[in-house]
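S.K.: What would the 3D arrangement of this be:
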Amino acid sequence: MALIKTVRNYTPQFGKNCFLADNSTIIGDVVVGDHCSFWFNSVIRGDVNSIRIGNKVNIQDGTVLHCLYEKSTIDIGNNVSIGHNVIIHGATIRDNVLIGMGAIIMDDAVIGENSIIAAGAIVLNGTNVEPGSIYGGVPAKRIKSINQKQTKEMIDKIAENYLMYASWYE
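M.R.: Residues are numbered from 1 along each chain as shown. So this is what the prediction gives:
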C-alpha cells in the first residue's frame with residue numbers, strides 16, 4: 001500500500017481514478033487531479049511547500065518531486081509524462097509535456113506546453129523552456145522546435161499507455 005502521510009496538517013488529496021503503486025510515497029500539501037499514476041518508488045514530498053498536479057499525469061518509477069521551503073512550489077499541468085528517475089525541484093511544467101528519463105528540473109524553471117525535455121537533461125534554475133521545443137544536454141539548451149501535431153500525438157500516446165498500464169493493477 002502506498003504511503004500517504006499528513007505533514008503540517010496537510011493531507012494529500014486525489015482526484016478520480018488515480019493509481020498509486022504499493023511503494024509510492026505522497027506526503028503533505030499535494031493536490032492531484034483525475035487519472036494520474038504514481039509508479040514504484042516515486043516520492044512526492046509536499047512537506048515544505050505545495051505540489052499541484054493536473055489531470056492525466058504519470059509520475060514514473062523512482063521520480064522525486066520536492067520544493068524549497070517558503071520559496072518554490074511545483075505546478076504540473078495536464079497530460080504530462082514524467083519519466084523514470086526524474087527530479088523536479090520547485091518548477092512549473094505546463095500542459096502536454098514529456099520529461100525524459102533521468103532529467104533534472106531545478107527551481108523556478110518553467111517548461112512550456114507541448115515540449116520535450118530529453119533524457120538526462122539538466123534544466124537549470126530559472127530556465128524558461130519555449131513552448132513547442134526540445135531541450136537537452138547539461139545544462140539543457142534548446143535543440144529545435146518540434147512539430148506540434150506529432151509532439152501532441154507522441155505525448156498523448158505515452159499518457160494513454162500509462163492509463164492502460166495502471167488498469168493492469170486494478
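S.K.: how about the helices of the chain, start to end?
M.R.: 148-167 (DSSP state H).
S.K.: mind listing what's buried in the worst-scoring helix or strand of it on mean pLDDT?
M.R.: Lowest on mean pLDDT, DSSP states H and E among the helices and strands of the chain sits helix 148-167, with a mean of 91. Neighbour counts over helix 148-167 (16 or more other C-beta atoms under 10 Å) mark 151, 152, 154, 155, 159, 162, 166 as buried. Quick note: C-beta positions are derived from backbone N, CA and C, even for glycine.
S.K.: wait, which of the residues you listed is closest to residue 64?
M.R.: Within the buried residues of helix 148-167, proximity to residue 64 (C-beta to C-beta) peaks at residue 162, which comes in at 18.1 Å.
S.K.: Check which helices and strands the least confident helix or strand of the chain sits against.
M.R.: Packing partners of helix 148-167 (3 or more C-beta pairs under 8 Å, 6 or more residues apart in numbering; DSSP states H and E): strand 37-38, strand 57-59, strand 80-82, strand 97-99.
S.K.: which residues touch that helix?
M.R.: Here helix 148-167 makes contact (C-beta atoms under 8 Å, 6 or more residues apart in numbering) with 19, 35, 37, 56-58, 60, 79-81, 96-98, 114-116, 132.
S.K.: Can you tell me which of those residues are buried?
M.R.: 19, 35, 37, 56-58, 60, 79-81, 96-98, 114-116, 132.
S.K.: related to what we said a few turns ago, could you export the helices and strands packed on helix 148-167 as a markdown table, including distance to residue 72 and mean pLDDT?
M.R.: Shown next, in a markdown table, are the helices and strands packed on helix 148-167 (distance: least, C-beta to C-beta, whole Å; pLDDT from 0 to 100):
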| stretch | distance to residue 72 | mean pLDDT |
| --- | --- | --- |
| strand 37-38 | 21 | 98 |
| strand 57-59 | 18 | 98 |
| strand 80-82 | 17 | 98 |
| strand 97-99 | 17 | 97 |
